[in-house]
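Chemist: Return a 3D structure for these sequence lines:
(one chain, ligands or ions: 1)
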Amino acid sequence: MVTAETKMPAALRLESTFKKVGLLGGVYNNHVALEKACQMALSRGCETLFCLGDLGGFGPHPNKVFPILHKYRVQCIQGNYEESLIKRLADCGCGYTHPKDNYYAALSYDYTNSRLSDENRALLATFPQQLQFKLGSLVVHLCHGSPRRVNEFLWETTTADAFVSREVEKLEADILCCTHSGLHWKREVSPGKWIVNVGVLGRPANDGHTNVWYTELAPGGAQPSIEFVPVEYDWKKLVAEMQDEKLPAEFMETISSGWWTTCLEILPGKERMRGRF
Ligand SMILES: [Fe+2]
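Modeler: Residues are numbered from 1 along each chain as shown. All right, here's what the predicted structure looks like:
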């Protein structure tokens, strides 16, 4: 458990050392998958759970994730969604550039922004922007997009090893973890230094499967244990709620088919080729 903490610039450093943790990426209001992932991670031996931001967007009923985060004592950091909601900005600050992506991003954001309770909005402001902790002898640094920008997309095929190596050196970390892009991946960028995109719980990984993903980290032996865990959940329950809330049919199609139908213009060519659309 967290016993003490000290402030870093824009980041919180926990003084606790963990043996195994669960890392939850963008939730996007998918409270059904969030509950399932928390149950799974704890039953699989994770001592504590972290969420890397973007609680809202895409799915239904933005207030439903908060009791679950409280129940499982999930420590959250801010994503671009939280930053925008706290400041009551006009858009999610997702970092999309194509009008098609921005159209659907605006629908998601306006839905969440108009329904989030004042109490829960205030809670978002208590989350640190980034967070660091020890995993055995390793230092793990959590951010949302990248350490330098909350809405930077770190894709597997376009993220340079040299960039990550510089960032982890500056942060005095061994493993840099992020989310935001929606696709999980990992790579050793220099000896003993890793980047892990932990994926997201909010929507499938654009692979034709309905499951979503979270990540478990442990110190491991010669190299850290980084496991991507598929979460099978009651997606039909989520879709029924989305229908009741009159969310776009395209969002429901993504949840029920496993293929992204919106916000995919931002994908680099190689990632785009792996999807259906
Ligand atoms: Fe994000």
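Chemist: got the buried residues for the helix ranked longest in the chain?
Modeler: Longest helix in the chain by number of residues (criterion: DSSP state H): helix 99-115. Residues 101-102, 104-105, 107-109, 111-113 are the ones in helix 99-115 that count as buried (16 or more other CB atoms under 10 Å). The C-beta positions use only the backbone N, C-alpha and C, and glycine is treated the same way.
Chemist: Show me what it is packed up against.
Modeler: helix 80-87, helix 249-257 (3 or more CB pairs under 8 Å, 6 or more residues apart in numbering; DSSP states H and E).
Chemist: redo that, cut-off 7 Å
Modeler: Contacting helix 99-115 under the criterion 3 or more CB pairs under 7 Å, 6 or more residues apart in numbering; DSSP states H and E is no other helix or strand.
Chemist: Give me the average confidence score over that helix.
Modeler: Computed over helix 99-115, the mean pLDDT rounds to 93.
Chemist: Now find how far off-centre that helix is within its chain.
Modeler: Distance of helix 99-115 from its chain centroid, counting by CA atoms, centre = their mean, to the nearest Å, is 18 Å.
Chemist: got the CA positions of the following helix or strand past it in PDB?
Modeler: Downstream of helix 99-115, the next assigned helix or strand under DSSP states H and E is helix 118-124. Taking Å, rounded to 0.1, in the frame of the first residue of the first chain, the C-alpha atoms of helix 118-124 are listed here in PDB:
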ATOM      1  CA  ASP A 118     -19.600  18.300 -10.000                       C
ATOM      2  CA  GLU A 119     -18.300  16.000  -7.300                       C
ATOM      3  CA  ASN A 120     -16.600  13.700  -9.800                       C
ATOM      4  CA  ARG A 121     -15.200  16.600 -11.800                       C
ATOM      5  CA  ALA A 122     -13.700  17.900  -8.600                       C
ATOM      6  CA  LEU A 123     -12.100  14.500  -7.900                       C
ATOM      7  CA  LEU A 124     -10.300  14.600 -11.300                       C
END
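Chemist: in helix 118-124, what counts as buried?
Modeler: Across helix 118-124, burial judged by 16+ other CB under 10 Å covers 120-121, 123-124.
Chemist: got it, and stretch 68-78?
Modeler: For stretch 68-78, by 16+ other CB under 10 Å, it's 68-69, 72, 74-78.
Chemist: before we move on, could you check phi and psi at the closest residue to the ion within the stretch 151-277 of the chain?
Modeler: Closest to the ion within the stretch 151-277 of the chain is H180: 3.8 Å, counting by CB to the ion. Reported as degrees, to the nearest 10, the phi and psi values for H180 are phi 80, psi -40.
Chemist: repeat for L14
Modeler: For L14, the backbone dihedrals (degrees, to the nearest 10) come out as phi -80, psi 140.
Chemist: bridging residues for it?
Modeler: L14 forms beta bridges with E5, as assigned by DSSP bridges.
Chemist: check whether stretch 93-112 contacts the ion.
Modeler: No - using CB under 5 Å from the ion, stretch 93-112 never reaches the ion; the gap is at least 5.9 Å.
Chemist: Noted, bye for now.
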